[in-house]
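>>> below are the sequence and a predicted model; questions follow.
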Amino acid sequence: EDFTLKSMWLFDKNHPARLHAYRLATNKQFENGVLCVILISSIVMAVQSPDLDDKPFWSEFFERADQIFVAVFACEMVLKIVAFSLYGEPGCYVRDAWNQFDGTIV
């Protein structure tokens, strides 16, 4: 992509952090890893049950798992915003329908 604006008002298109974020965000293995985390998160949500809330181990497990998933998805969102910029130019984060959906969920 040929970005002209600074991402997050800090990173121009040649800034090492932005270049690294772009390489990672467009890496197929990274995308597949995120999809695996989404799948695992969905499975964990599917097995959650009110019957398990009174069992301390499972209650703690689900609480920690939710925190980890939120952290992973928030990091993915920030990484993509640094890589693509939030708004204002073609290819930015909010112009991608999948990112809009993803950002709304996070």
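On my side now, so go ahead.
>>> only C-alpha atoms for contact and neighbour calcs from this point on.
Will do.
>>> list the helices and strands the longest helix seen in the chain packs on?
If each helix of the chain is counted by residues according to DSSP state H, the longest one is helix 56-84. On a contact count with 3 or more C-alpha pairs under 8 Å, 6 or more residues apart in numbering; DSSP states H and E, helix 56-84 meets helix 16-25, helix 28-47.
>>> list of residues touching the longest one?
If I follow you right, that is helix 28-47. 24-25, 62, 65-66, 69 (C-alpha atoms under 8 Å, 6 or more residues apart in numbering).
>>> also the shortest one?
In this structure, residues lying in contact with helix 16-25 by C-alpha under 8 Å, 6+ apart are 7, 11-13, 30-31, 76, 79-80, 82-84.
>>> what's the most distant pair in the residues you listed?
12 and 31 (23.7 Å; C-alpha to C-alpha).
>>> neighbour count winner among the two?
The neighbour comparison of residue 12 against residue 31 (other C-alpha atoms under 10 Å) goes to residue 12, with 19 against 14.
>>> do you know the pLDDT at that one?
If you check residue 12, the pLDDT there is 79.
>>> ok, now how distant is it from residue 36?
31 Å (C-alpha to C-alpha, to the nearest Å).
>>> same deal with residue 52?
According to C-alpha to C-alpha, residue 52 and residue 36 sit 25 Å apart.
>>> quick revisit: out of the helices and strands packed on helix 56-84, indicate the one that is most buried.
helix 16-25 (a mean of 17; mean count of other C-alpha atoms under 10 Å).
>>> where does residue 88 sit: helix, strand or coil?
Classification of residue 88 by DSSP: H, G, I helix; E, B strand; the rest coil places it in coil.
>>> burial of it, as a residue count?
By other C-alpha under 10 Å, neighbour count at residue 88 equals 15.
>>> with adjacent residues omitted, what lies nearest to it?
Take residue 88 and drop its neighbours on the chain: the residue closest to it by C-alpha to C-alpha, 6 or more residues apart in numbering is residue 5, 7.7 Å away.
>>> who are the contact partners of the residue nearest the centre of the chain?
With distances taken as C-alpha atoms, centre = their mean, the residue of the chain nearest its centroid is residue 76 (2.7 Å). By C-alpha under 8 Å, 6+ apart, residue 76 lies in contact with residue 25.
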